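In: here's my sequence, what's the structure:
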Amino acid sequence: MVSNAAIGGGIGWNQAGWSFGFAVVGLTAGIGGEESAPMVGQEGVREVQIDLASVGRITEQGWVAYPAESRFLNPGVQIDLLDLTTGDMYDAKKGPSGGGAGIQVELERQMSIVGQTVELRNTITGKVIPEFLIKSNTWVGVANRFGKFGFNASVKGSLNAYQTSWMYFLP
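Out: Alright, predicted model coming up:
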């Protein structure tokens, strides 16, 4: 794993003005065959969930967060993976990620709920948690079927600007 985040809670390295990385190799393998974008996205979420579990972070899929003050006006913020014991959310990114306006919008929506108490609804189980504090946001990159992964300088700059931690699980 390569990271600018401290797994285990507390403060992300980028929030303290540090840049730090470390690696764990051999946790994730690329997937072969033709895949659509939604399939690749879901496969990436499953891979990140397995990789996070290998370092002791137990996460759940299917959560959508609704800020308390705009619960009925807001479409909610989709969360790829959520650790219910720590309040940490993870956004899985499979393959290389480039910059663009979509990244800014996604980060703004995600960071609008960090440090906030939200209502959580799980689209898979139907479970509702009326009040839950989202403590952090981390983007996690895994290799695509060609072994490519990573965030370019523009994306890393945006992640740092929005105080979002990032990490890679290396193939």
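
In: now do the helix ranked longest in the chain: which elements does it pack against?
Out: Across the chain, the longest stretch assigned as helix under DSSP state H is helix 37-54. Using 3 or more C-beta pairs under 8 Å, 6 or more residues apart in numbering; DSSP states H and E, the elements in contact with helix 37-54 are strand 81-83, strand 88-94, strand 136-142, strand 165-169. Heads up, the C-betas are built off the backbone N, CA and C, glycines and all.

In: in JSON lines: these, plus mean neighbour count, mean pLDDT and distance to residue 107.
Out: Shown next, in JSON lines, are the helices and strands packed on helix 37-54 (neighbours: other C-beta atoms under 10 Å; pLDDT from 0 to 100; distance: least, C-beta to C-beta, whole Å):
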{"stretch": "strand 81-83", "mean neighbour count": "21", "mean pLDDT": "98", "distance to residue 107": "17"}
{"stretch": "strand 88-94", "mean neighbour count": "24", "mean pLDDT": "94", "distance to residue 107": "9"}
{"stretch": "strand 136-142", "mean neighbour count": "25", "mean pLDDT": "94", "distance to residue 107": "8"}
{"stretch": "strand 165-169", "mean neighbour count": "25", "mean pLDDT": "90", "distance to residue 107": "11"}
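
In: could I get these in a markdown table, plus columns for distance to residue 54?
Out: Output for those, formatted as a markdown table (distance: least, C-beta to C-beta, whole Å):
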| stretch | distance to residue 54 |
| --- | --- |
| strand 81-83 | 14 |
| strand 88-94 | 14 |
| strand 136-142 | 12 |
| strand 165-169 | 9 |
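
In: out of those, which comes closest to residue 130?
Out: Nearest to residue 130 among the helices and strands packed on helix 37-54 is strand 81-83; the distance by C-beta to C-beta comes to 15.3 Å.

In: show residues contacting the closest one.
Out: With contacts defined as C-beta atoms under 8 Å, 6 or more residues apart in numbering, strand 81-83 is touched by 45, 48-49, 52, 57-61, 63, 88-92, 120.

In: run the last query once more with 7 Å
Out: Contacts of strand 81-83 with the rest of the structure, by C-beta atoms under 7 Å, 6 or more residues apart in numbering, involve 45, 48-49, 52, 57-61, 63, 89-90, 92.

In: quick one, which of those are buried?
Out: Buried residues within those, counting neighbours by 16 or more other C-beta atoms under 10 Å: 45, 48, 49, 52, 57, 59, 60, 61, 63, 89, 90, 92.

In: sorry, back to before: residues of the longest helix of the chain that come out buried?
Out: 42, 43, 44, 45, 46, 47, 48, 49, 51, 52.

In: much appreciated, bye for now.
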